[in-house]
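# here are the coordinates; sequence isn't available:
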């Protein structure tokens, strides 16, 4: 009869292997250097942006609109 809490010989070996692997990982992690240094550059970073902006505005008015503007030039 097997219960969930009891272990056979293979289960005990597996549990010991898990403990050993965990112990190995802890030792290996402690041996690694634990400091990472990040420093700013000595010279400023320069970004050259050569951008040419050209804008053209085209407008067309129909004849009735032109007449309204000419008649009410003080508004515009």
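Cool, the structure landed. Quick caveat: nothing in here was measured; it's all calculated off a predicted structure. Residues are numbered from 1 along each chain as shown.
# use CA for all of it now, contacts and neighbours both
OK.
# and residue 52, helix, strand or coil?
Here residue 52 takes the coil state, with states given by DSSP: H, G, I helix; E, B strand; the rest coil.
# residues near it, how many?
6 (other Cα atoms under 10 Å).
# Likewise for residue 41?
7.
# Now do it, the pLDDT please.
We have a pLDDT of 84 for residue 41.
# what about it, distance to residue 18?
Distance check for residue 41 against residue 18: by Cα to Cα, to the nearest Å, it reads 46 Å.
# Check residue 36 too.
For residue 36, the distance to residue 18 (Cα to Cα) stands at 31 Å.
# Compare those two (neighbour count), which wins?
The neighbour comparison of residue 36 against residue 18 (other Cα under 10 Å) goes to residue 18, with 12 against 5.
# Mind checking what secondary structure that one has?
Using three-state DSSP, the structure places residue 18 in helix.
# Number the residues from 59 up from this point.
Yep, numbering from 59; the last one is residue 76 now.
# Residue 104: neighbour count?
When counting by other Cα under 10 Å, one arrives at 6 neighbours for residue 104.
# same question but for residue 81, I mixed them up
Residue 81 has 12 nearby residues by other Cα under 10 Å.
# And it, which helix or strand is it part of?
Assigned by DSSP states H and E, residue 81 falls within helix 67-89.
# where does the protein have low pLDDT?
59-72, 88-92, 134 (pLDDT under 70).
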